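Participant: coords please:
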Amino acid sequence: MTVEEARAQFPVLERFAYLNAGTLGPMSRATIDAMEARNRFDHEHGRGGKTWFESVFTLRSRVREALAALIGAPADRVALTSSTTDGCNIVLSGFGLAEGDEVVTTNSEHPGLLAPLHATGATVRVAEVTTRAQDDVLEPILACVTDRTRLIALSHVIWTTGHVVPVDELKRATNLPVLVDGAQSVGAIPVDVGEADFYTVSCQKWLGGPEPTGALYVRDPEALRVAIPTYLSQQSIERDGSFVPRDGAQRFDFGWIATPALAGLEAALAAAPAWRFERAAELRRVCRSALEPRFELVAPDTEGTLVSFVAPGDAAADAARLYDAGVILRDLPGTGWLRASCGWWTSDEDIERLVAAL
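Facilitator: Numbering: from 1, shown residues only. Have a look, this model is predicted:
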């Protein structure tokens, strides 16, 4: 598949330079068609009966296996969720943090991780990484680790700057459990869960799936308490609510996900070209080179596919103005920054359109 053929899959690219996969990725015609077909199937079959329910669980299994393969994990270690925030809440509610415990994170985390961290009651130690070059982010994180640290929780790719955090190196240096927010990594850069203990996935961003869809990798499901059980958590349950959890990470499946969303996600995962990561990295470099002479970039070159820069005026107003000019990106609240998300569907012309509109 050529770049032109790949871009032709996405209806939104007929109208817009779409640079906002860090929020929601563009959806392809194959994804949209799969969702519509599954929706018709569900209503024609009445959403009930043995055959229909078997088709649902078969679909869930296929999606689970595809996501597991994408991140280098066994399928029985992957739970289906609705978002990375779900994954963070599942882990942090069951991990057993308490007052007096410490968690290390960074000063550039998304509220989807920060709010669950605060809710644990543990002390959250924050490492300053925003102003650092990518190769220097490990040092301030390690400096926050003490003998009270029970968990390190941070992003693989930081959502504001595009920094890529060396997760495996961090794990080896501390031997502490690591919870990784993968919202800006899976689908954008090559990912292998490696030595992480927990890794969350957002499927509606770089994977181009419908929302809300997500996943959670758990290295040792038996060691994490099921603190937010759903109907899908149990293989048997008593009248008093005590239950036997499902095997593996399926015990953490975060409830029902609409079948059209699962069908659309399956189609999106199948359609991604083999060259997607190299192409996204190339367009990140093109974007940085086009912006750098005229606008202040917020971080030195990174390996992520996000390019943040200081807005020429009011960031929110600039984002709205750009939309009217046919360019979709987002402003980062409270920073005065705009953020361009460069995916494998991005073209040089999209970047030129961005610069012209700015």
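Participant: name the element the residue positioned nearest the centre of the chain belongs to?
Facilitator: For the chain, A183 is the residue whose C-alpha lies nearest the centre (C-alpha atoms, centre = their mean; 1.8 Å). Using DSSP states H and E, A183 maps to neither a helix nor a strand.
Participant: contacts only, for it.
Facilitator: Shown in contact with A183 (C-beta atoms under 8 Å, 6 or more residues apart in numbering): 84, 110, 112, 155, 157, 159, 200, 202, 205. Just so you know, the C-beta spots here come from the backbone N, C-alpha and C atoms, and that holds for glycine as well.
Participant: please pick the buried ones from those.
Facilitator: 84, 110, 112, 155, 157, 159, 200, 202, 205 (16 or more other C-beta atoms under 10 Å).
Participant: could you find the closest non-adjacent residue to the second one?
Facilitator: With C-beta to C-beta, 6 or more residues apart in numbering as the measure, W159 is the residue that lies nearest to H110, at 5.1 Å, once sequence neighbours are left out.
Participant: rewinding a little: widest-spaced pair of the contacts of A183?
Facilitator: Checked with C-beta to C-beta, those reach their widest spread between G112 and V157, with 13.9 Å between them.
Participant: quick one: the longest strand along the chain to chain centroid distance?
Facilitator: Secondary structure of the chain per DSSP state E: the longest strand is strand 149-155. The chain centre lies 17 Å from the centre of strand 149-155; the measure is C-alpha atoms, centre = their mean, to the nearest Å.
Participant: also stretch 113-121?
Facilitator: What separates the centre of stretch 113-121 from the centre of its chain is 18 Å, taken as C-alpha atoms, centre = their mean.
Participant: state the mean pLDDT of it.
Facilitator: Averaging pLDDT along stretch 113-121 gives 96.
Participant: so which bits of that stretch are buried?
Facilitator: Those would be 113-114, 116-117, 120, for stretch 113-121 by 16+ other C-beta under 10 Å.
Participant: can you check stretch 172-190 too?
Facilitator: Those would be 177-189, for stretch 172-190 by 16+ other C-beta under 10 Å.
Participant: ends of that stretch, how far apart?
Facilitator: Chord length of stretch 172-190, first to last residue, is 20 Å (C-alpha to C-alpha, to the nearest Å).
Participant: again, but for stretch 217-237
Facilitator: Counting by C-alpha to C-alpha, the terminal residues of stretch 217-237 are separated by 25 Å.
Participant: re the thing from before, out of the contacts of A183, name the ones that lie in helices.
Facilitator: 84, 112 (DSSP state H).
Participant: got a markdown table for the contacts of A183, with distance to I32 too?
Facilitator: Shown next, in a markdown table, are these (distance: C-beta to C-beta, whole Å):
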| residue | distance to I32 |
| --- | --- |
| T84 | 23 |
| H110 | 27 |
| G112 | 26 |
| S155 | 29 |
| V157 | 27 |
| W159 | 26 |
| T200 | 26 |
| S202 | 19 |
| K205 | 17 |
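Participant: which one of the contacts of A183 is nearest A68?
Facilitator: Nearest member of the contacts of A183 to A68, counting by C-beta to C-beta, is T200, at 13.8 Å.
Participant: so what pairs up with the closest one in the strands?
Facilitator: Beta-bridge partners recorded for T200 (DSSP bridges): D181, L216.
Participant: need the longest helix for the chain.
Facilitator: Max-length helix for the chain by DSSP H is helix 50-70.
Participant: hmm, who's touching it?
Facilitator: Counting by C-beta under 8 Å, 6+ apart, 38, 41-42, 45-46, 74-75, 77-78, 80, 186-187, 191, 201, 203, 207, 215, 217, 257, 259, 262-263, 265-266, 269-270 sit against helix 50-70.
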